[in-house]
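In: quick one: sequence plus predicted model below, questions after.
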Amino acid sequence: MSIFSKGHFVTPFNNQYVNKRTFIPRDERCPPTNLFQPSILPGTRNNFGHEDPSSSTWCRRPKHFFVLSNAGKPIYSRYGDESRMSSLLGVLQAILSLVSDDNDTLQSIVTGHHKFVFLLKGPLYLVAVAQTDEPERQLQCQLGYVYDQILSIVSLGQIRRIFESRHNFDLRKLITGTEGMLDHLIDHLSNNFSFALGSVESVRLPVPLRQRLGIALKLAKSTNVLYAVLATGMKLITLLRPKTVTLYASDLHILLSTVDSFSSFKIGEHWIPICLPKFNAEGFLHVYICYITSHTCLLLLSTDKNRFAEMSEIKTNVVDKLTRTGDLQKLDQLLDESPYTSADTGIPALRQFYYRSHKYTQHTGSYFGEPYVKLQEQQSLLEKYHLAWSCLRDKNQPIRIYHQTTATEAIIGWWKKVDHTRGAIY
Amino acid sequence: MSTRKKVLLKVIILGDSGVGKTSLMNQYVNKRFSNQYKATIGADFLTKELVIDDKLVTIQIWDTAGQERFQSLGVAFYRGADCCVLCYDVNNARSFETLDSWRDEFLVQASPRDPENFPFVVLGNKIDLEDSKRMVSQRRAMNWCQSKGNIPYFETSAKEGIKVDAAFETIAQNALKKEAENDLYSDFPEPIRIDQDTTRDPGCAC
């Protein structure tokens, strides 16, 4: 069944099946209610927990993410309580496993206006169901981040050990309470271009200030500190790491997204275990989290879970030093100011741009001004960027210059050997 | 967010065709609130939510339809089951005799961790028909269940709704008991030793 492993798998179901059994057709997005169980019990998730496949809001969501075990047990659903997806996920498991039994892998199903994209990772199956124009590769990449976020909570080593002996394990036992992290990540996957670029967005700062911040961060140098990071939201201010130990962009995304997902981290000091999958998917690091100003978060990662007191002391030293020099206040002021716009570049008619440095795996982008003020307008532009980016990155047909025009805009993507430049020019 | 514990139980229903597996489930599930998700792949998926011991239990019932076709699902279908329900028709001796092979096949395919103590439940269905048609006596069925490690046995009628709820309650409770053993799981891995595994290609020079 080679059709499964390459390209799209066109669903073999006849029309009757599609109309009656799935929630797919655009003109019939809401299935007959008797196909899905109305529930007597209220949802247990606070975020859209009351939605289920019989509700019209659920059907209208442009993108769904599901995680299930290879036994067909639901683990996570972005919208609606995952328990109520158990019939739907049972069907998906059966289809996926049917193909797996032929030593093949189902990558995607395109039917009607929907794209089903799958990522099979041992005992975990991840599924994206999208009505958006995002390329399949993009959705695969997003599923990869969802998988990484799960591993940050339950390491790969743990998952392997659990499912080796217990195929029936309900992984929600270990995930419950952290769904907020997955929700937060998934919402950012569509709105934040960093994930697609696979690089970290750095904050624009005067060079001397960033250097002084870096020097202050050196106070964190200790055999017990693996990484020290100063960040604001999903953006990097500066970081300290050993010469031989890389901090991968995808791990940093997961780390920053985790910290950003709980407002309770903003007050006080926190010490939590986290697995950074690209660094080491088998075990946990411990991360010290403290907001040293309202915008700036200090993160200290250690391999030793008993080092909270030392981390707290380092934080005090760093804060003392930065307060004495006045840099902390300066930083906070700068972060308070609105981000820079494309006008700052002096290039006429440039509406928005991203610049990504391959060497540093970092990027910067200008603020979304007119006419991309509304979230919907930004998302629409980002969808075009996604397409441009996947063309520039296509290994089979590498493109160096990408140019696309619409009625009101021109998108230009440019890949230079040393750096990547991408932009949207009107 | 509610702190009520959520548990999902995967229950597989096996038995010869025509013994009333789907009818039993429809009687149990559709009576009050239900859905039937019929898939062309040869399996029906039904779901029911219950509260047992203050736990929110979702029973995910995997019904098998048309054995020849669903055989192709093999391991995938049985994997990770919490309980297996074996059904036969009390008026059809052959359907009773095949229970052995259904049970064996399940144990081979699902390869549960503790096959001796895996929760099975046996349902003898269609007791609403005349006594003269009955081909399998209660004693015979109970003897078989006893010989297989005291499998709980119920005589049911999907048509009349006799003993269906009681049977499924036992199914849920036995599965829950078995599933709860997973709670004993405790594992926090050894800390990462960075001196061992840290030299990798620099992908990010942040």
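Out: Now that the structure is in, tell me what you want to look at. Residues are numbered from 1 along each chain as shown, chains lettered A, B, ... in the order given.
In: spatially nearest residue to the residue in the stretch 1-150 of chain A positioned nearest to chain B, not counting backbone neighbours?
Out: Of all residues in the stretch 1-150 of chain A, the one sitting closest to chain B is A:Ala71 (2.3 Å; Cβ to the nearest Cβ). From N, CA and C alone the C-beta is placed, and that goes for glycine too. Nearest residue to A:Ala71 in three dimensions, chain neighbours excluded: B:Gly80, at 2.3 Å (Cβ to Cβ, 6 or more residues apart in numbering or on different chains).
In: name the element the residue lying closest to A:Leu106 once chain neighbours are set aside belongs to?
Out: In space, and not counting its chain neighbours, A:Leu106 is closest to A:Val99: 4.3 Å by Cβ to Cβ, 6+ apart. For A:Val99, the host element (DSSP states H and E) is helix A:86-100.
In: the bottom helix or strand of chain B by mean pLDDT?
Out: strand B:37-39 (a mean of 40; mean pLDDT, DSSP states H and E).
In: next up, the contacts around A:Pro371.
Out: Contacts for A:Pro371 were tallied using Cβ atoms under 8 Å, 6 or more residues apart in numbering or on different chains; they are A:Arg351, A:Glu377, A:Thr408.
In: just the residues you listed now: which is nearest B:Ile13?
Out: Among the contacts of A:Pro371, A:Glu377 lies closest to B:Ile13 (Cβ to Cβ), at 51.3 Å.
In: just checking, the closest one is part of a helix?
Out: Yes - per DSSP: H, G, I helix; E, B strand; the rest coil, A:Glu377 lies within a helix segment.
In: ok, residue 81 - how many residues close by?
Out: Let's take chain A. Residues lying near A:Asp81 (other Cβ atoms under 10 Å in any protein chain shown) number 24.
In: not quite, I wanted chain B
Out: Using other Cβ under 10 Å, B:Ala81 is surrounded by 26 other residues.
In: assign it to helix, strand or coil.
Out: Applying three-state DSSP: B:Ala81 is coil.
In: okay, and the beta partners of A:Phe65?
Out: When bridges are called by DSSP bridges, A:Phe65 pairs up with A:Ala128.
In: now do it, the pLDDT please.
Out: Looking at A:Phe65, its pLDDT reads 97.
In: ditto for B:Tyr153
Out: 96.
In: which residue does chain B have closest to chain A?
Out: Closest point on chain B to chain A, by Cβ to the nearest Cβ, is B:Gly80, at 2.3 Å.
In: correct me, but the residue nearest to A:Ala71 touches A:Gln93?
Out: No - counting by Cβ atoms under 8 Å, B:Gly80 does not reach A:Gln93; the two are 9.4 Å apart.
In: show me the shaky parts of chain B.
Out: Scanning chain B for pLDDT under 70 picks out the ranges B:1-4, B:32-43, B:65-74, B:182-206.
In: and the strand or helix carrying A:Cys59, what's buried?
Out: Element membership of A:Cys59, judged by DSSP H and E, is helix A:56-60. Buried residues in helix A:56-60, counted by 16 or more other Cβ atoms under 10 Å in any protein chain shown: A:Trp58, A:Cys59.
In: how far out from the middle of the chain is it?
Out: 23 Å (Cα atoms, centre = their mean, to the nearest Å).
In: re the thing from before, so how many other residues sit close to the residue nearest to A:Leu106?
Out: By other Cβ under 10 Å, the burial measure for A:Val99, its neighbour count, is 19.
In: mind telling me what element the closest residue to B:Gly161 other than its chain neighbours is part of?
Out: What sits nearest to B:Gly161 in space, not counting adjacent residues and going by Cβ to Cβ, 6+ apart, is B:Gln27, at 5.5 Å. For B:Gln27, the host element (DSSP H and E) is helix B:21-29.
In: other SSEs contacting that helix?
Out: strand B:6-14, strand B:43-52, strand B:55-64, strand B:120-125, helix B:164-180 (3 or more Cβ pairs under 8 Å, 6 or more residues apart in numbering or on different chains; DSSP states H and E).
In: quick one, it and strand B:43-52 angle?
Out: Calculated by axes from the mean of the first three to the mean of the last three Cα atoms, to 10 degrees, helix B:21-29 forms an angle of 30 degrees with strand B:43-52.
In: and for helix B:21-29, what's in contact with it?
Out: A:37, B:13-15, B:34-36, B:44, B:46-48, B:61, B:63-65, B:87, B:123, B:125, B:156, B:158-159, B:161, B:164-165, B:167-168.
In: just the angle for that helix relative to helix B:164-180, thanks.
Out: Relative orientation of helix B:21-29 versus helix B:164-180 (the same axes, to 10 degrees): 90 degrees.
In: now the residue nearest to B:Met135 when sequence neighbours are not counted: how far from A:Gln404?
Out: Spatially, and ignoring its direct neighbours in sequence, B:Met135 is nearest to B:Ala93 (4.3 Å; Cβ to Cβ, 6+ apart). Noted for B:Ala93: a distance of 72 Å to A:Gln404, by Cβ to Cβ, to the nearest Å.
In: residues touching the closest residue to A:Ser100 other than its chain neighbours, list them.
Out: Nearest residue to A:Ser100, sequence neighbours excluded (Cβ to Cβ, 6+ apart): B:Ala76, at 6.8 Å. Taking Cβ under 8 Å, 6+ apart, we find B:Ala76 in contact with A:Asn70, A:Gln93, A:Ala94, A:Leu96, A:Ser97, A:Leu98, A:Ser100, A:Asp101.
In: could those residues go into TSV alongside pLDDT and neighbour count?
Out: Shown next, in TSV, are these (pLDDT from 0 to 100; neighbours: other Cβ atoms under 10 Å in any protein chain shown):
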residue	pLDDT	neighbour count
A:Asn70	90	21
A:Gln93	89	29
A:Ala94	84	20
A:Leu96	88	20
A:Ser97	81	22
A:Leu98	80	20
A:Ser100	82	18
A:Asp101	78	14
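In: what's around the residue of the stretch 301-426 of chain A found nearest chain B, how many residues?
Out: Of all residues in the stretch 301-426 of chain A, A:Thr361 sits closest to chain B, at 4.1 Å by Cβ to the nearest Cβ. Residues contacting A:Thr361 under the criterion other Cβ under 10 Å number 22.
In: go on, the one 3 residues further on?
Out: Other residues near A:Thr364 come to 17 when the count uses other Cβ under 10 Å.
In: next: A:Ala249.
Out: 24.
In: is it in contact with A:His363, as I believe?
Out: No - look at A:Ala249 against A:His363 with Cβ under 8 Å: they stay out of range, at 9.5 Å.
In: is any residue of the helix holding A:Cys59 near chain B?
Out: No - using Cβ under 8 Å from any Cβ of the partner chain, helix A:56-60 never reaches chain B; the gap is at least 14.1 Å.
In: contacting residues around B:Lys10?
Out: Each residue near B:Lys10 by Cβ under 8 Å, 6+ apart is listed here: A:Ala71, A:Gly72, A:Lys73, A:Asn168, B:Gln60, B:Trp62, B:Gly80, B:Ala81, B:Asp82, B:Cys83.
In: what residues does the closest residue to the fourth one other than its chain neighbours make contact with?
Out: In space, not counting the residues next to it along the chain, A:Asn168 is nearest to B:Gly80; the distance is 4.1 Å by Cβ to Cβ, 6+ apart. Under the criterion of Cβ under 8 Å, 6+ apart, the contact list for B:Gly80 reads A:Ser69, A:Asn70, A:Ala71, A:Gly72, A:Lys73, A:His167, A:Asn168, A:Phe169, B:Lys10, B:Ala110.
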